[in-house]
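Trainee: here is a sequence together with a model predicted from it:
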Amino acid sequence: MSYWYGKVKEIYWKTTSGNQDVWLDVRWYYRQVDLEDIGVDLAACVGEYELVLSDHTSIVDMHCVEIIISVQSSQLM
């Protein structure tokens with residue numbers, strides 16, 4: 001199984017008839033293989049276990065989330 005990695009930017013919810021729908025605004029990370037699949041030259045500079053934060057965002061149902069992980073950030077100058 002292949003997982004997608006994302007950073008939750010915002011949480012939205014709506015309560016109707018006693019039910020609560022929760023949605024997440026997610027900013028996606030790309031893996032080396034994801035970058036290779038879309039033909040981005042940066043893929044050659046990304047290690048097998050590294051993630052690259054993209055500007056790609058989506059609104060997804062909270063039930064799409066499998067687990068919560070910590071991602072270490074490195075600012076290259």
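Mentor: Now that the structure is in, tell me what you want to look at. This one's a predicted model, so the numbers in the text were calculated from it and none came from an experiment. Numbering: from 1, shown residues only.

Trainee: from here on, contacts and neighbour counts on C-alpha atoms
Mentor: Noted.

Trainee: check which residues of stretch 44-52 are buried.
Mentor: 46, 51, 52 (16 or more other Cα atoms under 10 Å).

Trainee: ends of that stretch, how far apart?
Mentor: When the termini of stretch 44-52 are compared using Cα to Cα, to the nearest Å, they are 12 Å apart.

Trainee: distance from the helix or strand bottoming out on mean pLDDT in the chain to the middle of the chain?
Mentor: The helix or strand of the chain with the poorest confidence is helix 32-37; it has a mean of 88 (mean pLDDT, DSSP states H and E). Offset of helix 32-37 from its chain centre (Cα atoms, centre = their mean, to the nearest Å): 14 Å.

Trainee: mind listing what residue 7 touches?
Mentor: Counting by Cα atoms under 8 Å, 6 or more residues apart in numbering, residue 7 touches 26, 27, 28, 29.

Trainee: any idea how far the closest residue to the second one other than its chain neighbours lies from residue 4?
Mentor: So the one you mean is residue 27. Leaving aside its sequence neighbours, residue 27 sits nearest to residue 57 (Cα to Cα, 6 or more residues apart in numbering; 4.4 Å). From residue 57 across to residue 4, the span is 12 Å (Cα to Cα).

Trainee: no more questions from me, cheers.
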